[in-house]
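**Q** Predicted model and sequence below, questions to follow.
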2 protein chains.
Amino acid sequence: MTTDSSAKVIDGKAVAKQIRDEITAEVSRMRESIGVIPGLAVILVGDRKDSATYVRNKKKACESVGINSLEANLPEDSTEEEVLNYISGYNDDPSVHGILVQLPLPSHMNEQNILNAVRIEKDVDGFHPLNIGRLAMRGRDPLFVPCTPKGCIELLHRYDVSIKGKRAVVIGRSNIVGMPAREDATVSVVHSRTSNPEEVTRQADIIIAAVGQPNMVRENWIKPGAVIIDVGINPVEDPNSTRGYKLVGDVCYEEAIKVASAVTPVPGGVGPMTIAMLLQNTLISAKRVHNFE
Amino acid sequence: MTTDSSAKVIDGKAVAKQIRDEITAEVSRMRESIGVIPGLAVILVGDRKDSATYVRNKKKACESVGINSLEANLPEDSTEEEVLNYISGYNDDPSVHGILVQLPLPSHMNEQNILNAVRIEKDVDGFHPLNIGRLAMRGRDPLFVPCTPKGCIELLHRYDVSIKGKRAVVIGRSNIVGMPAREDATVSVVHSRTSNPEEVTRQADIIIAAVGQPNMVRENWIKPGAVIIDVGINPVEDPNSTRGYKLVGDVCYEEAIKVASAVTPVPGGVGPMTIAMLLQNTLISAKRVHNFE
């Protein structure tokens, strides 16, 4: 009989499924009550394979909950103006409640110009600086919470992890920071210039890793009993895989599972939640514009 | 002979004077080169004595560096629309490069509506959520950095306090957080829900206190050698003062001076810097609109 303690696995896939079911019910209630179907438009420029996969997954997710999905596929050598024209069309289209520009864009385009062109009321990604600003400010509310931080917090909620007053560390300087702060955690941000990232991370009750470095967070970075949300999705070589690589997080899962109280796996943790939150934001947008509660 | 170590006093008044001198020179160079004088418009609603004092000080500061100051004094019972009309006028006035609405506004007005009406190109306070958002985001730059955080960081720079890689704590959830993060500090935010504020604060090399609680930060909150920037300006009763009160910071100065390596006094620390930064933002705005370098 072993007493080897092992962390709970936070099943993002299962929670995301549950949320998609809730969205499905709401979308159908909305359609039946006022005849409106939420619509998400995705703009993909170029032919990056990974981007195409992401877009396909988002489209499938829309279909699974009854959200209309529109797609614009533009060639790699499109001009910025052509992309802006599509955005402008979707901005004006009342059947579109959310607009998503798949990143990265080809290098000859100005990402900021293009993202800023999306009407803030349709910026379901929540990346508009005005949204980020409102998220950061006390007493202001963003129109949309960015999908990834929203997914992280939702996972904590659904697993009954209390956040208020807890110490949270966000590793990597992403737009995730605002969310745990809004939930009254004491938040520290660790980044590449932090001189003692292990030490700071070890002080946290909740670790949110979003740095894009495979297996960076090791056992000695983790306070026993901490809860870990791993946002990283990093491909690493794997000769045993038919694809030649596998996906790992920013946290060394095998070590984390021994010392943390709960850990999200990669894949199957934050990833599915991010897509579910995109659907939720699209639904929120459609409800808002039609004043449907 | 005592060996009692005592902290360096960070003389905000002296630094602010130096910055105002630099601004004076730039304003005069601009006037002589292109005939443009930067202008700051201040809107004061109602007759709060403290607000009137602040506005008067800002006006005097403008005069001292050669910046034009315009002022609108509206009665307490003005409507929101009347205030918005003034803002609109200043928005359109090319001689106005900065607009400042003195807070707090009378309670019958919607502060957000009014602040949002200020054109972002003239929002020298830097409080527009779009500015705050850009401040929080990597790779984006705000049009104006809010005056108080800018003043805090400027003090650290002028006293050669290195920030990169250092642990900084911001006490109180203000918009100050973004600045030390941009300077590559590892930032933690302590607030009223933090369960162990002393402990978290004691881990910091740089403490920025902006909570509005007189003398809250005591000796045992401070790591020996830490640098303290005290943003708080709190009136407390003082029978020895003819006014019946004196101003103290959020940090217990008498205790801090014994353990920290450097401390800003209150008054005479961050306060004068905030006004100097307002002048600087107004100058930046005028230079930007006239493409003057």
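**A** That came in fine, so what should we check first?
**Q** what are the ranges of the strands in the stretch 101-250 of chain A?
**A** Secondary structure of the stretch 101-250 of chain A by DSSP state E, counting those that start in this stretch: the strands cover A:167-171, A:186-190, A:206-209, A:227-230, A:234-237, A:245-248.
**Q** Spell out which residues of the stretch 51-200 of chain A are next to chain B.
**A** Residues of the stretch 51-200 of chain A found near chain B (C-beta under 8 Å from any C-beta of the partner chain) are A:112, A:128-140, A:164-167, A:173, A:175, A:177-178, A:181, A:184, A:186-191, A:193-195, A:200. (C-beta placed from N, C-alpha, C; glycine too.)
**Q** In helices only, show me those.
**A** Assignment to helices by DSSP state H places the following of these there: A:Gln112, A:Pro129, A:Leu130, A:Asn131, A:Ile132, A:Gly133, A:Arg134, A:Leu135, A:Ala136, A:Gly178, A:Ala181, A:Val200.
**Q** Can you name the residues that contact the spatially closest residue to A:Glu219 that is not a sequence neighbour?
**A** Closest residue in space to A:Glu219, ignoring its immediate chain neighbours: A:Glu255 at 3.9 Å, by C-beta to C-beta, 6 or more residues apart in numbering or on different chains. Taking C-beta atoms under 8 Å, 6 or more residues apart in numbering or on different chains, we find A:Glu255 in contact with A:Arg218, A:Glu219, A:Ile222.
**Q** Top of those residues by number of neighbours, please.
**A** A:Ile222 (25 neighbours; other C-beta atoms under 10 Å in any protein chain shown).
**Q** Roughly how far does that one sit from B:Pro149?
**A** Between A:Ile222 and B:Pro149 the computed distance is 32 Å (C-beta to C-beta, to the nearest Å).
**Q** With pLDDT added, can I get the ones in helices among the residues of the stretch 51-200 of chain A next to chain B in CSV?
**A** Output for these, formatted as CSV (pLDDT from 0 to 100):
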residue, pLDDT
A:Gln112, 88
A:Pro129, 87
A:Leu130, 88
A:Asn131, 88
A:Ile132, 87
A:Gly133, 87
A:Arg134, 89
A:Leu135, 87
A:Ala136, 84
A:Gly178, 77
A:Ala181, 84
A:Val200, 96
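**Q** in the host helix or strand of A:Glu255, what counts as buried?
**A** Assigned by DSSP states H and E, A:Glu255 falls within helix A:253-259. Of the residues in helix A:253-259, A:Tyr253, A:Glu255, A:Ala256, A:Ile257, A:Val259 count as buried by neighbour count, 16 or more other C-beta atoms under 10 Å in any protein chain shown.
**Q** Stretch A:28-45 now?
**A** So, applying 16+ other C-beta under 10 Å, buried residues of stretch A:28-45: A:Met30, A:Val36, A:Pro38, A:Gly39, A:Leu40, A:Ala41, A:Val42, A:Ile43, A:Leu44, A:Val45.
**Q** same thing with stretch A:56-69?
**A** By neighbour count with 16+ other C-beta under 10 Å, stretch A:56-69 contains the buried residues A:Lys58, A:Lys59, A:Ala61, A:Cys62, A:Val65, A:Gly66, A:Ile67, A:Asn68, A:Ser69.
**Q** Once you drop chain neighbours, what's closest to the residue in the stretch 51-200 of chain A positioned nearest to chain B?
**A** For the stretch 51-200 of chain A, the residue closest to chain B is A:Gly133, as judged by C-beta to the nearest C-beta, at 2.9 Å. Closest residue to A:Gly133 apart from its sequence neighbours, by C-beta to C-beta, 6+ apart: B:Gly133 at 2.9 Å.
**Q** Any idea how many residues pack against the one you found?
**A** Number of residues near B:Gly133 (other C-beta under 10 Å) recorded here: 26.
**Q** Likewise for A:Tyr245?
**A** 13.
**Q** A:Gln18 now?
**A** Residues near A:Gln18, counting by other C-beta under 10 Å: 13.
**Q** wait, A:Gly212 sits on A:Ser174?
**A** No - in this structure, A:Gly212 is not within contact of A:Ser174 by C-beta atoms under 8 Å, at 9.4 Å.
**Q** Who has more neighbours out of those two?
**A** More neighbours surround A:Ser174 than the other of A:Gly212 and A:Ser174, with 20 against 14 (other C-beta under 10 Å).
**Q** Give me the packing partners of the helix of greatest length in chain A, helices and strands only.
**A** Counting residues, the longest helix found in chain A (DSSP H) is helix A:12-34. Contacts defined by 3 or more C-beta pairs under 8 Å, 6 or more residues apart in numbering or on different chains; DSSP states H and E place helix A:12-34 against helix A:49-65, helix A:147-158, helix A:270-289.
**Q** Mind listing residues that contact the helix or strand just after it?
**A** Counting by DSSP H and E, the element after helix A:12-34 in chain order, helix or strand, is strand A:39-45. Contact with strand A:39-45 is made by A:51-52, A:55, A:58-59, A:62, A:67-76, A:78, A:83, A:86-87, A:90, A:93, A:95-102, A:105-106, A:109, A:124, A:278-279, A:282, A:286, as judged by C-beta under 8 Å, 6+ apart.
**Q** Starting from strand A:39-45, tell me which strands it pairs with and how they run.
**A** Next to strand A:39-45 in the sheet, as set by DSSP bridges, lie strand A:68-74 (parallel), strand A:98-101 (parallel).
**Q** hmm, who's touching the helix-or-strand element of chain A with minimal mean pLDDT?
**A** The helix or strand of chain A with the lowest confidence, counting by mean pLDDT, DSSP states H and E, is helix A:178-182 at a mean of 83. Where contact means C-beta under 8 Å, 6+ apart, the residues beyond helix A:178-182 that reach it are A:132, A:135-136, A:145, A:149-150, A:152-153, A:163, A:168, A:170, A:187, A:206, A:208, B:136, B:173, B:189.
**Q** please redo it, this time with the cut-off set to 7 Å
**A** Identification of contacts with helix A:178-182 by C-beta atoms under 7 Å, 6 or more residues apart in numbering or on different chains yields A:135-136, A:145, A:149-150, A:152-153, A:163, A:168, A:187, A:206, A:208, B:189.
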